[in-house]
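Colleague: No letters, just coordinates:
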């Protein structure tokens, strides 16, 4: 007794979405908090700017990818 193909496809899409979001968050937490790129003393340095720009660009790319994935 297996699942219907549509149901299985839907659940796989949900799991892939959750996995991508968790991976994105873990990478940003690692780079930002553990490597200290999210924090700065008095003024932000070039590494902080690069971190924030890449974080925002990757978030936009992730959202666009997920919108394409969920478009019916």
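Modeller: Received it, and whenever you're ready, just let me know what you need. Model, not experiment: these values are computed from the prediction. Numbers count the residues shown, from 1 in each chain.
Colleague: In what element of secondary structure is the residue nearest the centre of the chain found?
Modeller: Nearest to the mean C-alpha position of the chain, by Cα atoms, centre = their mean, lies residue 24 at 2.8 Å. Using DSSP states H and E, residue 24 maps to helix 5-29.
Colleague: Packing partners of that helix?
Modeller: helix 46-70 (3 or more Cβ pairs under 8 Å, 6 or more residues apart in numbering; DSSP states H and E). Using the backbone N, CA and C atoms, a C-beta is placed for each residue, glycine as well.
Colleague: Residue 13: neighbour count?
Modeller: Neighbours of residue 13 under the rule other Cβ atoms under 10 Å: 13.
Colleague: Residue 69 is in contact with that one, correct?
Modeller: Yes. Contact criterion Cβ atoms under 8 Å: residue 13 and residue 69 qualify, at 6.7 Å.
Colleague: what ranges of this protein fall below the confidence cut-off?
Modeller: Regions of the chain meeting the criterion pLDDT under 70 cover residues 1, 72.
Colleague: mind redoing it with 90?
Modeller: 1-6, 40-41, 72 (pLDDT under 90).
Colleague: Excluding sequence neighbours, find me the nearest residue to residue 28.
Modeller: Counting by Cβ to Cβ, 6 or more residues apart in numbering, residue 28 lies nearest to residue 55, which is 5.5 Å off, once chain neighbours are set aside.
Colleague: can you tell me which residues contact the one you found?
Modeller: By Cβ atoms under 8 Å, 6 or more residues apart in numbering, the residues touching residue 55 are 28, 31-32.
Colleague: returning to what we had before: now the helix holding residue 24 against helix 46-70, angle please.
Modeller: Per axes from the mean of the first three to the mean of the last three Cα atoms, to 10 degrees, the angle that helix 5-29 makes with helix 46-70 is 180 degrees.
Colleague: Can you point out the buried residues in helix 5-29?
Modeller: residue 28 (16 or more other Cβ atoms under 10 Å).
Colleague: Centre of the chain to it, how far?
Modeller: In terms of Cα atoms, centre = their mean, to the nearest Å, the centre of helix 5-29 is set 10 Å apart from its chain centre.
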